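Asker: 3D, please:
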Amino acid sequence: MTADPTGPVVRTLHGAVRGRYEQGVAVFRGIPYAAPPFGPRRFRPPEPPESWDGVRDAGAFGPTAPKPPYSEAFAQYLADPVVAGDDCLNLNVWTPEPDPQARLPVLVWLHGGALTRGSSAVPVYGGRTFARDGVVCVSVNYRLGVEGYGLFPDAPPNPGLRDQFAALRWVHDTIAAFGGDPGNVTLCGQSAGAISAGALIAAPQTQGLIRRAVLQSGAPEASERDKVRRMVRRMAARLKIPATAEAFATVDRDLLLRTQAEVGRLSSPVLGGPAFGIVLDGDLVPRDPLQALIDGEAARGIDLLMGWTRDEYRLWLVPGGLLEAVDRLGPVALAGAMARCHVGHEVPRGYRALRPETGTAEIVGQMVTDHLLRIPLHRLADARPGTSYLYEFAWPSRLPGLGACHALELGFVFDSAGVPESAKLAGEGAPQELCDAMHTAWVRFAATGDPGWQAWDARHPVRIFGEGVPHIAYGPRDAEIALWSAAPTVPEPAPGSDFRAPGAELASAVRRLRRSVGARRL
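Answerer: Here you go, the predicted model:
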């Protein structure tokens with residue numbers, strides 16, 4: 001993109017950048033907040049970028065982190081552009097006007113993608129609408145997959161999370177020059193981005209950097225170190241190299257990504273199995289983030305907006321025909337869900353009693369969703385009365401089978417339902433009134449801490465964004481969640497036991513059925 005000599009210029013700590021005026025807001029793309037994480041910096045914590053002379057053009061998105069493409073089954077629903085280059089630790093800023101006197105609220109966006117895919121260049125995440133409505137929006141790229149979350153004996157854990165922390169430091173130190181208020185920063189993420197945001201608000205080092213947080217379809221958690229190690233070890237076995245950062249750094253990058261995709265193909269939330277995740281590291285993540293937040297040891301004074309979609313699981317199961325496969329599996333699928341969630345027969349029996357007309361796939365999907373999302377978010381809200389707001393997104397996609405699936409709310413939060421990449425998941429005809437309602441709530445929360453409905457209390461108010469006018473429902477998931485507190489839990493298998501991973505029985509059965517349902521890649 002040719003630099004526009006009339007575009008706005010802002011001086012950062014490392015040099016001046018020139019952006020663009022687009023549709024009434026100033027946009028700066030591809031600003032480096034850390035040095036390229038390759039060569040001697042590979043698998044290491046982020047380092048400051050080199051300073052530059054003159055004015056750097058910030059008109060185009062910067063390089064995206066290395067990542068494998070989505071399988072064909074998922075690519076029909078999810079956009080994931082690739083921008084080549086090593087300088088992938090960059091961010092973008094949308095602002096009404098880069099005036100240091102403006103002191104506007106700031107929203108920092110962490111994309112999802114299971115810590116293996118996604119980027120700030122996804123068109124659905126355009127921050128123009130937030131800037132249009134008086135909020136400075138910052139979207140961040142960070143290292144993914146084995147580059148960002150591989151667990152090695154010769155490298156520090158969680159470099160991808162440390163990238164996000166470095167971006168937060170950049171925002172604190174620099175955003176005033178773009179018109180933002182460093183004392184009024186809302187950290188917002190979806191799916192893996194929400195899990196990351198939960199870890200960051202619990203981190204001791206982020207005190208003073210974050211005023212509020214939004215967790216969309218992701219709860220704070222720390223992954224089992226052995227689960228992450230299995231990803232690395234299985235990749236190493238396929239590559240015939242030691243499971244060390246030094247050895248992985250010698251592998252061709254494309255081969256590394258292909259191997260990662262193959263090893264991780266059964267790592268969906270429903271199927272379990274090895275996956276990349278944030279782990280305890282004694283530093284940025286000294287203890288389980290959810291428990292630290294529940295115990296009140298972290299994030300004091302931080303307001304939370306948290307929620308889920310009604311049918312999260314449908315994005316995990318509809319592509320490739322797995323929804324029908326799980327229904328066919330019947331008792332085997334329920335056994336896999338019980339193993340995945342570490343519960344006995346009482347819980348699925350309770351779900352069946354509450355939903356007598358539903359199929360096995362919905363029972364399994366809602367159980368796993370409650371285990372991973374709704375129960376921990378309820379626990380977190382219960383521990384922080386008066387400072388949390390909960391929502392459920394219940395508008396169904398116009399595309400067959402998806403329902404109100406995972407990630408569907410994003411086009412509404414960003415008021416970007418009209419872009420083609422949003423329609424890949426939502427279909428045509430997404431209601432603008434619902435976009436207005438959700439986007440306005442996020443803007444209000446970033447500006448004031450109040451999204452426009454009552455805070456969480458003993459009545460469990462949840463804002464429902466669905467067909468018709470948004471409304472409050474009291475305890476809409478309480479009956480299902482009560483089943484878990486009444487039922488005994490099944491201990492997780494010991495390391496080294498024959499049962500290698502929660503959900504392995506279901507995963508094995510799905511592998512056997514993949515050919516018959518035509519799901520070649522998950």
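Asker: Return the residues in contact with Val138.
Answerer: Residues in contact with Val138 (CB atoms under 8 Å, 6 or more residues apart in numbering) are 91-93, 106-109, 127, 167, 171, 175, 180. In this view, the C-beta of every residue, glycine as well, is placed from N, C-alpha and C.
Asker: Surely it is within a helix?
Answerer: No: Val138: not assigned to a helix; according to DSSP: H, G, I helix; E, B strand; the rest coil it is strand.
Asker: Backbone torsions only: list them for the closest residue to it other than its chain neighbours.
Answerer: Leaving aside its sequence neighbours, Val138 sits nearest to Val108 (CB to CB, 6 or more residues apart in numbering; 4.7 Å). Backbone torsions for Val108, taken as degrees, to the nearest 10, come to phi -100, psi 120.
Asker: Val108 bridge partners, please.
Answerer: Val138, Leu187 (DSSP bridges).
Asker: returning to what we had before: can you tell me which of the contacts of Val138 is nearest Val232?
Answerer: Ala167 (25.0 Å; CB to CB).
Asker: Tell me which helix or strand that closest one sits in.
Answerer: Taking DSSP states H and E as the criterion, Ala167 maps to helix 159-174.
Asker: From the chain's centroid, how far away is that helix?
Answerer: Centroid separation for helix 159-174 versus its chain: 16 Å, with CA atoms, centre = their mean, to the nearest Å.
Asker: Next, the buried residues of it.
Answerer: 159-172, 174 (16 or more other CB atoms under 10 Å).
Asker: mind checking how far the residue nearest to Gly160 when sequence neighbours are not counted is from Arg42?
Answerer: Excluding its sequence neighbours, the residue lying closest to Gly160 (CB to CB, 6+ apart) is Gly148, at 2.7 Å. Gly148 sits 11 Å away from Arg42, going by CB to CB, to the nearest Å.
Asker: More neighbours: the two, which one.
Answerer: Neighbours around Gly148 and Arg42, counted as other CB atoms under 10 Å, are more numerous at Gly148. The numbers are 24 against 17.
Asker: Show me where the stretch 201-350 of the chain has its helices.
Answerer: Along the stretch 201-350 of the chain, counting by DSSP state H, counting those that start in this stretch, helices occupy 225-239, 245-248, 253-263, 289-294, 314-317, 322-329, 331-341, 346-354.
Asker: So which elements touch the third one?
Answerer: Helices and strands touching helix 253-263, as assessed by 3 or more CB pairs under 8 Å, 6 or more residues apart in numbering; DSSP states H and E, comprise helix 145-149, helix 225-239.
Asker: Ok, which of those comes nearest Ala275?
Answerer: helix 225-239 (6.4 Å).
Asker: hang on, the earlier thing: so the residue nearest to Val138 sits against Val185, correct?
Answerer: Yes: contact criterion CB atoms under 8 Å: Val108 and Val185 qualify, at 6.2 Å.
Asker: Overlap in contacts, the two.
Answerer: Listed contacts common to Val108 and Val185 are 168, 171; contacts here mean CB under 8 Å, 6+ apart.
Asker: out of these two, which sits in the busier spot?
Answerer: The neighbour comparison of Val108 against Val185 (other CB under 10 Å) goes to Val108, with 29 against 26.
Asker: Between the two ends of stretch 366-381, how far is it?
Answerer: Counting by CA to CA, to the nearest Å, you get 20 Å between the two ends of stretch 366-381.
Asker: and that stretch, how far from the chain's centre?
Answerer: Chain-centre distance of stretch 366-381: 15 Å, with CA atoms, centre = their mean.
Asker: Flag every buried residue along that stretch.
Answerer: 366-381.
Asker: now swap in stretch 432-440 and tell me
Answerer: Result for stretch 432-440 [16+ other CB under 10 Å]: buried residues 434-435, 437-439.
Asker: Would you mind giving the residues you listed as CSV with distance to Pro420 added?
Answerer: Compiled in CSV, those are given as follows (distance: CB to CB, whole Å):
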residue, distance to Pro420
Leu434, 19
Cys435, 15
Ala437, 23
Met438, 20
His439, 19
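Asker: and which of those is nearest Leu280?
Answerer: Nearest member of these to Leu280, counting by CB to CB, is Met438, at 34.2 Å.
Asker: ok, Leu434 to Pro461 distance?
Answerer: Per CB to CB, Leu434 is found 19 Å from Pro461.
Asker: What of Met338?
Answerer: Counting by CB to CB, the gap from Met338 to Pro461 is 31 Å.
Asker: What segments of the stretch 351-500 of the chain are strands?
Answerer: 388-393, 461-465, 471-474 (DSSP state E, counting those that start in this stretch).
Asker: Phi first, then psi, for Pro105.
Answerer: According to degrees, to the nearest 10, Pro105 has phi -60, psi 150.
Asker: Residue ranges in the stretch 351-500 of the chain under the pLDDT threshold?
Answerer: Scanning the stretch 351-500 of the chain with the threshold set as pLDDT under 70 gives 487-500.
Asker: follow-up on the earlier one: what residues does the helix holding Ala167 touch?
Answerer: So helix 159-174 is contacted by 12-13, 33-34, 37, 43-46, 89, 91, 106, 108, 110, 115, 138, 140, 142-144, 147-149, 156, 180, 182, 185, 187, 196, 199-200, 203, 205-206, 208-210, 278, 284-285 (CB under 8 Å, 6+ apart).
Asker: so what's Ala177 closest to, chain neighbours aside?
Answerer: Val10 is the one closest to Ala177 (CB to CB, 6+ apart), at 5.0 Å.
Asker: so where does that neighbour fall, helix or strand?
Answerer: strand 9-12.
Asker: Packing partners of that strand?
Answerer: Against strand 9-12 (3+ CB pairs under 8 Å, 6+ apart) you get strand 15-18.
Asker: buried residues in the helix or strand following the strand it packs on?
Answerer: Sequence order places strand 20-22 as the next helix or strand after strand 15-18, per DSSP H and E. Residues of strand 20-22 classed as buried: Arg20 (neighbour count, 16+ other CB under 10 Å).
Asker: Mind exporting the C-alpha coordinates of stretch 329-336 to PDB?
Answerer: Only the C-alpha atoms of stretch 329-336 are listed here, as PDB (Å, rounded to 0.1, in the frame of the first residue of the first chain):
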ATOM      1  CA  LEU A 329     -22.500 -43.400  18.700                       C
ATOM      2  CA  GLY A 330     -25.100 -43.000  21.400                       C
ATOM      3  CA  PRO A 331     -23.800 -44.600  24.600                       C
ATOM      4  CA  VAL A 332     -20.200 -44.600  23.400                       C
ATOM      5  CA  ALA A 333     -20.500 -40.800  23.000                       C
ATOM      6  CA  LEU A 334     -22.000 -40.300  26.400                       C
ATOM      7  CA  ALA A 335     -19.200 -42.400  27.900                       C
ATOM      8  CA  GLY A 336     -16.700 -40.200  26.200                       C
END
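Asker: Sounds good, over and out.
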